[in-house]
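**Student:** one predicted model, sequence on top.
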Amino acid sequence: MADEEILVDARGHRCPVPTLRLRRALEAAPAGARVRLLADDPLARIDVPHFLGETGHTLAECREEAGALSFLVVKA
């Protein structure tokens, strides 16, 4: 279970929707959970790290794949 990821697919939505969906997923997840956010709004590249800086969660990975940004977040 520890290696499983919670997937939040926010492609097709403009900011702040991807960050809001990430926030909801993190609130519902247990500590240490891994949540992957997919977003195709370029502003997510700025919004997601800013949100994580405010909340203390860890950005484990950020990459582009298939035309979308992929953020892997570990819940604090």
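**Tutor:** Now that the structure is in, tell me what you want to look at. Numbers count the residues shown, from 1 in each chain.

**Student:** enumerate every residue touching the spatially most central residue of the chain.
**Tutor:** The residue lying closest to the centre of the chain (C-alpha atoms, centre = their mean) is residue 37, at 3.6 Å. Residue 37 sits next to 8, 10, 18, 21, 22, 25, 44, 48, 69, 70, 71, 73 when contact means C-beta atoms under 8 Å, 6 or more residues apart in numbering. Every residue, glycine included, has its C-beta placed from N, CA and C.

**Student:** and for residue 63?
**Tutor:** Here residue 63 is in contact with 69, 70 (C-beta under 8 Å, 6+ apart).

**Student:** give me the element it is part of.
**Tutor:** strand 58-65 (DSSP states H and E).

**Student:** in the sheet, which strands lie alongside that strand, parallel or antiparallel?
**Tutor:** strand 68-74 (antiparallel) (DSSP bridges).

**Student:** can I get the CA coordinates of the strand it pairs with in CSV?
**Tutor:** The C-alpha coordinates for strand 68-74 follow below in CSV (Å, rounded to 0.1, in the frame of the first residue of the first chain):
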residue,chain,number,x,y,z
ALA,A,68,1.0,17.5,-19.0
LEU,A,69,2.8,18.4,-15.8
SER,A,70,3.1,15.5,-13.3
PHE,A,71,3.7,16.4,-9.7
LEU,A,72,4.4,13.7,-7.1
VAL,A,73,3.7,15.0,-3.6
VAL,A,74,4.3,13.2,-0.3
